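A.B. asks: Quick one, fold the following:
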Amino acid sequence: MNERGLSESTQWAIVMPALLALVLGLVQTGIWLHGRSVASQAAAAAADVRAVGRQFQAEAEAVAAEIAHSGGLTEVTVSTSERQGRVQVTVSGQTQVFFDVGQSRIVEHAVLVEERVTSP
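C.D. replies: Residues are numbered from 1 along each chain as shown. Below you'll find the predicted structure:
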């Protein structure tokens, strides 16, 4: 009796779930990295706007929220603060992943020196 086919199908039954998990893990890592990049770009753009002056705080937060939402983040929160002439913007959001193992929440910061207008 030839049992060679049974041995090969058992090997595939073990290998295929591992390969599928590897592929899904790579895709999930790519999605997470994309979300992190989007949050970082949103924070940098908001810091650029906010560094011009205090009166642009609402515009800076709106810019960051728009970039984060258009990049696929959900539950986006944006906060700005100023300390010792530096502007800090924090953008946090949730990215969509297949299996949430605690890495779906993304928080990124951007810090710039506040611009000052001087007269010649």
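A.B. asks: ok, Val89 - contacts?
C.D. replies: Counting by CB atoms under 8 Å, 6 or more residues apart in numbering, Val89 touches 43-44, 46-47, 50, 60, 64, 78-80, 109-111. C-beta here means a position set from N, CA and C on the backbone, and glycine is covered the same way.
A.B. asks: what bridges to it?
C.D. replies: Legend: beta-bridge partners of Val89 under DSSP bridges are Thr80, Ala110.
A.B. asks: Quick check: the gap between it and Gly25.
C.D. replies: According to CB to CB, to the nearest Å, Val89 stands 31 Å off from Gly25.
A.B. asks: continuing past the longest helix along the chain, what's the next helix or strand?
C.D. replies: For the chain, the longest helix by residue count, based on DSSP state H, is helix 4-50. Next along the chain after helix 4-50, taking DSSP states H and E as the criterion, comes helix 57-70.
A.B. asks: Compute the inter-axis angle for that next one and helix 4-50.
C.D. replies: Interaxial angle of helix 57-70 relative to helix 4-50 (axes from the mean of the first three to the mean of the last three CA atoms, to 10 degrees): 160 degrees.
A.B. asks: helices and strands around helix 57-70, which ones?
C.D. replies: Helices and strands touching helix 57-70, by 3 or more CB pairs under 8 Å, 6 or more residues apart in numbering; DSSP states H and E, are helix 4-50, strand 74-83, strand 86-94.
A.B. asks: Tell me the buried residues in that helix?
C.D. replies: Using 16 or more other CB atoms under 10 Å as the test for burial, helix 57-70 gives Gln57, Ala60, Glu61, Val63, Ala64, Ala65, Ile67, Ala68.
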